[in-house]
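Asker: This is the structure alone, sequence omitted:
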């Protein structure tokens, strides 16, 4: 009888502890800026010609020529990042010298994606 009572009390104690543990909340999305990296690149390529020069130190015609040259050498899209975005990330890092986390914010990408 004492053993049965001990088992019941132990089970009740475990159930009470489990009920008092905080529930795991869903992770909050981090990259939620409305203008993604892809959107920003589109704005640079189709917007005022001076914007791309100010941001990447390169005219849109030169950028497009460089993309064609890279594709000619066999470079392609990687891990859901277009070749255009890869080049823009590279040029933006060269022009600004910003750290990876700031580049990730600009392009709405994880630090791992920026630093590969």
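Answerer: Alright, I've got the coordinates. Note that the structure is a prediction, hence the values are computed from the model and not measured. Numbers count the residues shown, from 1 in each chain.

Asker: gap between the two ends of stretch 90-105?
Answerer: Start-to-end span of stretch 90-105 (CA to CA, to the nearest Å) is 14 Å.

Asker: Same check on stretch 42-51?
Answerer: Distance across stretch 42-51, first residue to last, is 11 Å (CA to CA).

Asker: Could I get the average pLDDT for that stretch?
Answerer: Stretch 42-51 carries an average pLDDT of 92.

Asker: what comes up buried for it?
Answerer: By 16 or more other CB atoms under 10 Å, the buried positions in stretch 42-51 come out as residue 44. Heads up, the C-betas are built off the backbone N, CA and C, glycines and all.

Asker: For the residue nearest the centre of the chain, give me its contacts.
Answerer: Most central in the chain under CA atoms, centre = their mean is residue 109, positioned 1.7 Å from the mean C-alpha point. Applying CB atoms under 8 Å, 6 or more residues apart in numbering, one finds that residue 109 lies in contact with 31, 37, 81, 89, 103.

Asker: Now do the SS call for it.
Answerer: coil (DSSP: H, G, I helix; E, B strand; the rest coil).

Asker: quick revisit: the contacts of residue 109: which two are farthest apart?
Answerer: Pairwise distances across the contacts of residue 109 (CB to CB) peak at 14.2 Å, for the pair 31 and 89.

Asker: who has more neighbours, the two?
Answerer: The residue with more neighbours, out of residue 31 and residue 89, is residue 89; 20 against 12, by other CB atoms under 10 Å.

Asker: Which strand or helix spans the more buried one?
Answerer: Assigned by DSSP states H and E, residue 89 belongs to helix 83-96.

Asker: Buried residues of that helix, list them for me.
Answerer: Within helix 83-96, judged by 16+ other CB under 10 Å, the buried ones are 84-89, 91-93.

Asker: and what of stretch 109-116?
Answerer: In stretch 109-116, residues buried by neighbour count (16+ other CB under 10 Å) are 109, 113-114.
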